[in-house]
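S.K.: Compute the structure for the input listed below.
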Amino acid sequence: MLEVKGIIPAMVTPLDQREEIDEKALRKMVNRYIDAGVHGLFCLGTNGEFFNLSFEEKLAVAQIVIDETRSRVPVYAGAGCAGTCETRRLAQRLEQAGADALSVITPYFLTYTQPELQYHFEAVAGETSLPIVLYTIPARTGNTLSVQTVAKLAELPNVVGIKDSSGSFDNILQLIDRTPESFSVLAGTDSLILSTLMAGGTGAIAATANIFPSTVVAIYEHFRCGEYEQAEQAQRVLRDLRAAFALGTLPSVLKAVLDEIGLSAGPARRPVAPLTPQALEEVRRMVAGYAERGLL
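M.R.: Alright, predicted model coming up:
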């Protein structure tokens, strides 16, 4: 079974000006991240705008990433949908496409009970032989997996980890404490990457790795080597970028920064709007500041 660890970029989905998938840009991103030393790639997550892609578009994105990766690192594909039936169907198709693992977000729109959420994940896990990484981001979905539910799901043979984007370090500590040592707990909040590693977590699925793949990898590699001061310095690099996320609706800031540094990401799909002129100017000042420090 796949060992889920290291730094895994939460990839954006590049679009052209017609808001169609930009295959050339997506392939370029895959190679950029792999060249930076990442330990896996995660497509079709929140920053990948999975919620605004059709079923067939999701398959197309996954197929491009899998094809371009050429087995150099594991590909984690987001299989989460609003309901169990569609999630099971997408999980099957992503397995057929050649994904190495699946990330499955909690269902969304309705607020579900813990037994309902447990049923959902058990049903999806029973539909695929691939390793499954649970994904909880309650601020976006309105649902969270309790530590007790995660502990129960961790008993399933192909549920191998969780991306915790709750923003709560206490929740991460409880997950590490209540799940088996073989179960991977990954930071989904980029300010907590180093803290999660120090607490016994295995890595991060990181949005900031879209911009700073080498820097985010450095957090993990310095930590592994016991170079904690250097790991902390790398962690600090992410602060200004994370603060800038408030300038627009997700993932508009990430895409604007990518465009500013010469990597075509295109617009976010509507109704997400482009950044205002004032917000874009702030982004440009931030990028210039990073460039002056030799970080871009």
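
S.K.: Just the pLDDT for the nearest residue to residue 239 once chain neighbours are set aside.
M.R.: Spatially, and ignoring its direct neighbours in sequence, residue 239 is nearest to residue 191 (7.5 Å; Cβ to Cβ, 6 or more residues apart in numbering). Every residue, glycine included, has its C-beta placed from N, CA and C. On the pLDDT scale, residue 191 is placed at 98.

S.K.: what about residue 191, distance to residue 232?
M.R.: Residue 191 sits 12 Å away from residue 232, going by Cβ to Cβ, to the nearest Å.

S.K.: Likewise for residue 201?
M.R.: Taking Cβ to Cβ, one finds residue 201 at 16 Å from residue 232.

S.K.: The two: who's more crowded?
M.R.: residue 201 (24 against 14; other Cβ atoms under 10 Å).

S.K.: So what pairs up with the one residue sitting closest to the centre of the chain in the strands?
M.R.: By Cα atoms, centre = their mean, the chain has its centre lying nearest to residue 10, at 3.1 Å. Note on residue 10: beta-bridge partners by DSSP bridges are residue 42.

S.K.: so it touches residue 206, yeah?
M.R.: Yes. The criterion here is Cβ atoms under 8 Å, and residue 10 meets it with residue 206 at 6.1 Å.

S.K.: What's the end-to-end length of stretch 151-169?
M.R.: When the termini of stretch 151-169 are compared using Cα to Cα, to the nearest Å, they are 17 Å apart.

S.K.: repeat for stretch 39-53
M.R.: Terminal-residue distance, stretch 39-53 (Cα to Cα): 26 Å.

S.K.: I'd like the average pLDDT over it.
M.R.: Mean predicted confidence for stretch 39-53 is 98.

S.K.: chain center to that stretch, what's the gap?
M.R.: A distance of 6 Å separates the centroid of the chain from that of stretch 39-53, by Cα atoms, centre = their mean, to the nearest Å.

S.K.: Then stretch 196-204?
M.R.: Distance, centroid of stretch 196-204 to centroid of chain: 15 Å (Cα atoms, centre = their mean).

S.K.: residues of that stretch that come out buried?
M.R.: 196-197, 199, 201-204 (16 or more other Cβ atoms under 10 Å).

S.K.: Relative to residue 22, which of these is nearest.
M.R.: Among the buried residues of stretch 196-204, residue 204 lies closest to residue 22 (Cβ to Cβ), at 25.8 Å.

S.K.: In this structure that closest one contacts residue 185, no?
M.R.: No. Residue 204 lies out of contact with residue 185 (Cβ under 8 Å); the separation is 10.1 Å.

S.K.: can you list residues touching both of those two?
M.R.: residue 196 (Cβ atoms under 8 Å, 6 or more residues apart in numbering).

S.K.: which stretches of this structure form helices?
M.R.: Counting by DSSP state H, the chain has helices at residues 23-35, 55-69, 84-97, 114-125, 138-141, 147-153, 169-178, 193-199, 213-224, 228-237, 239-244, 252-260, 277-292.

S.K.: So which of these is nearest residue 132?
M.R.: Taking the helices of the chain one by one with Cβ to Cβ, helix 114-125 is closest: 5.5 Å.

S.K.: can you pull the buried residues of that closest one?
M.R.: Result for helix 114-125 [16+ other Cβ under 10 Å]: buried residues 117-118, 120-121, 124-125.

S.K.: and the angle from that helix to helix 84-97?
M.R.: 30 degrees (axes from the mean of the first three to the mean of the last three Cα atoms, to 10 degrees).

S.K.: Quick check: mean pLDDT of helix 114-125?
M.R.: 98.

S.K.: Pull out the C-alpha coordinates of that helix and format them as PDB.
M.R.: Only the C-alpha atoms of helix 114-125 are listed here, as PDB (Å, rounded to 0.1, in the frame of the first residue of the first chain):
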ATOM      1  CA  GLN A 114     -21.300  11.300  11.500                       C
ATOM      2  CA  PRO A 115     -22.900   7.900  10.700                       C
ATOM      3  CA  GLU A 116     -23.900   9.300   7.300                       C
ATOM      4  CA  LEU A 117     -20.400  10.500   6.700                       C
ATOM      5  CA  GLN A 118     -19.000   7.100   7.800                       C
ATOM      6  CA  TYR A 119     -21.400   5.300   5.500                       C
ATOM      7  CA  HIS A 120     -20.300   7.500   2.600                       C
ATOM      8  CA  PHE A 121     -16.600   6.800   3.000                       C
ATOM      9  CA  GLU A 122     -17.100   3.100   3.600                       C
ATOM     10  CA  ALA A 123     -19.200   2.900   0.400                       C
ATOM     11  CA  VAL A 124     -16.500   4.600  -1.600                       C
ATOM     12  CA  ALA A 125     -13.700   2.600  -0.100                       C
END
